Each structure stands twice: as C-alpha cells, then as structure tokens.
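Participant: take a look and give me a structure for this.
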Amino acid sequence: MKKRNYAKGAEGVTKTKQPWTDSEIDEIVASDRPCDRILAKKISRSVQAIQVMRSRLRKISL
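Facilitator: The predicted structure is shown next:
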C-alpha cells in the first residue's frame, strides 16, 4: 500500500536534491495543510520526501 501511495505522490516529480525553502517547510508543518499527495503535487516533491522532512523537523524540535 505504501509503495502505491509513494508512486502516486511522485508523479511528475524529478529526482533532484533541491534545498527546502522556508515556504515549503511552512506548508508541510501547517496545521491546516492538505493531504500529502496533494501537497506533493503543489510543491513538486514526492510524498515520501515530505514525510521524511516532516519527521526530521519533529526530531529537531524535541
């Protein structure tokens, strides 16, 4: 199930390591954010990249 969701969330996203912008970070941690799949299309990142970054930000804030 996860692989299918990650594949759908990565549609149209190229694999390049772009630095995260402040606005992208604000969008992925916002309380009123859309689901990760919609957010991935909006900011041109994969669902997995969004989830990994959100996890890393939580670890930093602890």
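
Participant: helices of the chain, start to end?
Facilitator: Per DSSP state H, the chain carries helices over the ranges 2-9, 22-29, 36-43, 47-61.

Participant: which one of the ones you listed has the poorest average confidence?
Facilitator: With a mean of 64, helix 2-9 has the lowest mean pLDDT of those.

Participant: how close does the spatially most central residue of the chain get to Arg37?
Facilitator: Closest residue to the average C-alpha location of the chain: Ile50 at 1.8 Å, with CA atoms, centre = their mean. According to CB to CB, to the nearest Å, Ile50 and Arg37 sit 9 Å apart. Using the backbone N, CA and C atoms, a C-beta is placed for each residue, glycine as well.

Participant: and if you look at Glu27?
Facilitator: 14 Å.

Participant: ok so, going back, quick one, which of the helices of the chain is packed in tightest?
Facilitator: Highest mean neighbour count among the helices of the chain (mean count of other CB atoms under 10 Å): helix 36-43, with a mean of 17.

Participant: helices or strands up against it?
Facilitator: Counting contacts by 3 or more CB pairs under 8 Å, 6 or more residues apart in numbering; DSSP states H and E, helix 36-43 packs against helix 2-9, helix 22-29, helix 47-61.

Participant: any idea which of these gets closest to Lys41?
Facilitator: Counting by CB to CB, Lys41 lies closest to helix 2-9 out of the helices and strands packed on helix 36-43; the figure is 7.8 Å.

Participant: stretch 18-31 spans what distance, first to last residue?
Facilitator: Using CA to CA, to the nearest Å, the end-to-end distance of stretch 18-31 comes out at 24 Å.

Participant: check the offset of it from the chain's centre.
Facilitator: 8 Å (CA atoms, centre = their mean, to the nearest Å).
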